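Student: following is a predicted model, sequence given first.
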Amino acid sequence: MEDEKAVELAEVGQPSKTLRPDFDKGSDAPEKIVVICGSAGALQCFLNFANQLPSVSPAAYIYMSHINQSGPTYLRDLLSLKLTLPIHQVDRSMPLQSGHLYIPSQGTDLIVDGNFVRSVDHDPSYYFTPSFTRCIETAVDSFRDQILVSILSGRLDDGIPALQKVFEVGGVTLVQDPEEAPYNSMPVEALRRDHPDCIRSSKDIGKEIAKFSEADEAKRMPGES
């Protein structure tokens, strides 16, 4: 059926809770991390589901975009008009908080270090600025299997090389339906080179992220015994 075209490879599940041994967990520190990555055409896709992200949640959210900012706070100001989540544009080091959304500052990379998120100089070994791949890799190092990465519309393949690392630790990958994405290179590359857990239209991605954020029990991925 046409309605079933948003192919479900598996229900987005929640792996077992294993944080890094030296993870410094404060009262508002998240137990999980959600990294949402999109380039060309992704902003409207993100806005289609962003208000479905639960503000009372054990997860912190990061939105990574290659959007050309016309001013230093352009993206933050735009998102603030649409979302109810607290939004932080990271221009230094700050603690991650559950139910908060973090975005990079213009011209810098954003990395996750334990329960902190940091704005750092761009590493030229990563082609794109900000580097989705670098952000995902550091988030995996800090949160292990308590990570969900969502790949939205975009050109080329930023972030895709890090998805294998997400798979290896037991994290979750959620991909926008390539047939819906305005620019489908990133979703297509994620499907071609990784092991995504499910494919969804942009209007349903938020629901799956909410399931991941709120789930307590582990659910096995396709092919696991």
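Tutor: Yes, it's here.

Student: list the buried residues for stretch 196-207?
Tutor: Going by neighbour count (16 or more other C-beta atoms under 10 Å), the buried part of stretch 196-207 is 196-202, 204-206. Any C-beta I mention is one placed from the backbone N, CA and C, and that applies to glycine too.

Student: first-to-last residue distance for that stretch?
Tutor: Stretch 196-207 has an end-to-end distance of 16 Å (C-alpha to C-alpha, to the nearest Å).

Student: what of stretch 80-95?
Tutor: Where stretch 80-95 starts and where it finishes are 20 Å apart, if you go by C-alpha to C-alpha.

Student: pull the residues that contact the helix or strand of the chain with the lowest mean pLDDT.
Tutor: Sorted by mean pLDDT, DSSP states H and E, the helices and strands of the chain end with helix 74-82, the least confident at a mean of 87. Helix 74-82 is contacted from outside by 43, 47, 50-51, 63, 65, 67, 69, 87-89, 101, 103, using C-beta atoms under 8 Å, 6 or more residues apart in numbering.

Student: quick check, nearest of the residues you listed to V169?
Tutor: When these are compared for distance to V169 (C-beta to C-beta), Y63 wins out at 21.6 Å.

Student: for that closest one, helix, strand, or coil?
Tutor: When states are read from DSSP: H, G, I helix; E, B strand; the rest coil, the local structure at Y63 comes out as strand.

Student: measure it to S105 for me?
Tutor: 13 Å (C-beta to C-beta, to the nearest Å).

Student: related to what we said a few turns ago, now, which of the contacts of helix 74-82 lie within strands?
Tutor: In strands, defined here by DSSP state E, the members of those are 63, 65, 87-89, 101, 103.

Student: of those residues, closest to P130?
Tutor: For P130, the closest of the ones in strands among the contacts of helix 74-82 turns out to be S65, at 8.0 Å, with distances computed as C-beta to C-beta.

Student: in this protein, where is pLDDT below threshold?
Tutor: For the chain, residues meeting the criterion pLDDT under 70 lie at 1-27, 68-73, 217-225.

Student: burial count for the residue nearest to A29 when sequence neighbours are not counted?
Tutor: Counting by C-beta to C-beta, 6 or more residues apart in numbering, the nearest residue to A29 once its immediate chain neighbours are dropped is N115, at 4.2 Å. Other residues lying near N115 total 22 when counted by other C-beta atoms under 10 Å.

Student: ok, N115 touching P95?
Tutor: Yes. With contacts defined as C-beta atoms under 8 Å, N115 counts as touching P95 at a distance of 5.9 Å.

Student: what subset of the contacts of helix 74-82 is buried?
Tutor: In terms of neighbour count (16+ other C-beta under 10 Å), the buried residues within the contacts of helix 74-82 are 43, 50, 63, 65, 67, 69, 87-89, 101, 103.

Student: just checking, V34 touches S150?
Tutor: Yes. Judged on C-beta under 8 Å, V34 makes contact with S150 at a distance of 7.1 Å.

Student: now the contacts of helix 74-82 as TSV including distance to I111?
Tutor: Putting those into TSV (distance: C-beta to C-beta, whole Å) gives the following:
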residue	distance to I111
L43	22
L47	25
A50	22
N51	27
Y63	15
S65	16
I67	19
Q69	19
I87	19
H88	15
Q89	15
L101	17
I103	14
